[in-house]
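# Return a 3D structure for these sequence lines:
(4 chains)
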2 protein chains.
Amino acid sequence: MATKRIPETTVKRLFIYLREVTELSEFNIRTVSSSELGERTNLSDAQVRKDLGYFGQFGVSGSGYNVLELKKALERIVGKDKRWKVALVGVGHLGEALLSYSGFTEQGLDIVSAFDVSEDLVGASVKGVKVESFAKLREAVKENGIPMAIIAVPAGEAQKAADVLVDSGIKCILNFAPVNLDVPGKIKVNNVDLSRELEILAYFLASGNGGWR
Amino acid sequence: MATKRIPETTVKRLFIYLREVTELSEFNIRTVSSSELGERTNLSDAQVRKDLGYFGQFGVSGSGYNVLELKKALERIVGKDKRWKVALVGVGHLGEALLSYSGFTEQGLDIVSAFDVSEDLVGASVKGVKVESFAKLREAVKENGIPMAIIAVPAGEAQKAADVLVDSGIKCILNFAPVNLDVPGKIKVNNVDLSRELEILAYFLASGNGGWR
DNA sequence: TTCAGTTCGTTACTTTTTTCACAAAGTTCG
DNA sequence: CGAACTTTGTGAAAAAAGTAACGAACTGAA
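Numbering: from 1, shown residues only, chains lettered A, B, ... in the order given. Below you'll find the predicted structure:
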């Protein structure tokens, strides 16, 4: 493997593989081949082998991958042996849904504090997390060394939220607001635009819908 | 332009451009150059021109693109001149957040009916949309010719939901459940895995976090 | 009108990502 | 053990995506 650059597309797929081997392990399935894994994930066998190949040799010729071993290896690779603190900015409907979502905790991600501008919300406790005033965001992130944040505020407020987060020393941001955040290059931003995902589907419907995949 | 295949990456960016020109038009800005548009979206000017080039010639040498014209052209291209009916399957926290989200309506996407297995929810009205029994999903989608659906049910129920949707003649699915849905190839699926988006950020933190972008 | 300065549209080039293909390694079964 | 399979890991080939470069078109000022 040496020190080769890992494509981001590969990184994304690692989580898909991990999800799959986790499920296989729950069914006590011992081994899985690259083609089986590919079928289950709609990817080619070659893609699976190449992706895993970036990180070492996990397979056995003739029989495939040991499910438990691969699971452990992937967990180590993606950093699932650690837990991460996350700050949530914006406790509207989406923010609340994110707080309620068990998926984060299961994956080692703990939303440790939530912030909102609404005085009605501040002080309330949503799913065991106390909502604090937006004014305290900067200090809280700084003091607790929280490395990542979720922005779930309206589009108009998102840049302001990002500015405060950047100032507080945040490292990465998951942004749900439909705007392009302007942040320093060293900060990694991941954008999720809920309506755009549906709009893309509408585009395919509109454009004669024929032949994808 | 002729009949050239449009890369999906380009399609995704069209929505980013559209968002930007919409904002520019609200500020009564008349023209925008590919480099300005690129700066605002963190893309290269060449990228902008190339993407738009797939669909025709919208620019004027020496001055750039007419904002209003480009906006209209993009709206037509992405099908925003139409409205789309959407079915929502699963009215948990996330489903509720999606129903409350104004972004969909603004973008021409109308969640016209919602379905859930919980008897407590059925009959209730969430944001003006009546929650119906999951048992009625098939018929409702069929009768109303609803072309797309959102799956916002727990992972364990997602495949079942997808099966019913496929059977009812759905064309596209936006899937929030962290599973790979097994559906016929003619059905377009878009997956959004909320926790994975955060996990990817955690991966970058874990992996020495140096040098992206 | 002319000229210097912009900016597009497009083709050629570069880089990245995916797929192919096959030797080497491991398995299974008689 | 040996023969017939299976399956990996990995370079080489192909495809896709992104960048660079440049002629042509347009603008605006002198």
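
# hey, let's count contacts and neighbours off CA atoms from now on
OK.

# So the residue of chain A most remote from its centre: helix, strand or coil?
What lies farthest from the middle of chain A is A:Gly62; by Cα atoms, centre = their mean that is 34.1 Å. Here A:Gly62 is recorded as coil under DSSP: H, G, I helix; E, B strand; the rest coil.

# Now the phi/psi pair for it, please.
phi 90, psi -20 (degrees, to the nearest 10).

# Check it and give its pLDDT.
As predicted, A:Gly62 sits at a pLDDT of 97.

# And it, how far from B:Ser125?
Distance from A:Gly62 to B:Ser125, counting by Cα to Cα, to the nearest Å: 56 Å.

# can you check A:Pro154 too?
24 Å.

# did I read that right, A:Ser113 in a strand?
Yes. Membership of A:Ser113 in a strand is supported by three-state DSSP.

# give me the low-pLDDT residue ranges for chain A?
Residue ranges of chain A with pLDDT under 70: A:1-3, A:209-213.

# all helices for it, in order.
For chain A, applying DSSP state H gives helices covering A:8-26, A:34-41, A:45-53, A:67-78, A:93-100, A:102-106, A:137-144, A:155-167, A:194-206.

# and the last one with helix B:93-100, angle?
Between the axis of helix A:194-206 and that of helix B:93-100 there is an angle of 70 degrees, by axes from the mean of the first three to the mean of the last three Cα atoms, to 10 degrees.

# Can you name the residues in contact with helix A:194-206?
With Cα atoms under 8 Å, 6 or more residues apart in numbering or on different chains as the test, helix A:194-206 has contacts from A:176, B:11-12, B:15, B:77-79, B:84, B:103-104, B:107, B:109, B:148, B:171-174, B:188, B:190.

# Would you mind listing what in chain A touches DNA strand C?
A:6-10, A:43-44, A:46-47, A:50, A:60-63 (Cα under 7 Å from any atom of the strand).

# Try it again at 10 Å.
A:5-13, A:31, A:38, A:42-51, A:59-64, A:213 (Cα under 10 Å from any atom of the strand).

# Mind checking which of those are buried?
Among the residues of chain A next to DNA strand C, those buried by neighbour count (16 or more other Cα atoms under 10 Å in any protein chain shown) are A:10-13, A:31, A:38, A:44-45, A:48-49, A:51, A:59, A:64.

# Can you tell me which of these lies closest to A:His93?
Nearest to A:His93 among those, counting by Cα to Cα, is A:Lys12 at 27.1 Å.

# so who does the closest one touch?
Neighbouring residues of A:Lys12 by Cα under 8 Å, 6+ apart: B:Ile200.

# same thing with A:Val126?
Contacts for A:Val126 were tallied using Cα under 8 Å, 6+ apart; they are A:Glu96, A:Leu99.

# now do 10 Å
Contact criterion Cα atoms under 10 Å, 6 or more residues apart in numbering or on different chains gives A:Val91, A:Gly95, A:Glu96, A:Ala97, A:Leu99, A:Ser100, A:Ala114 as the residues in contact with A:Val126.

# can you check A:Val122 too?
A:Val122 is in contact with A:Val91, A:Ala114, A:Phe115, A:Asp116, A:Lys130, A:Val131, A:Glu132, A:Ser133, A:Phe134, counting by Cα under 10 Å, 6+ apart.
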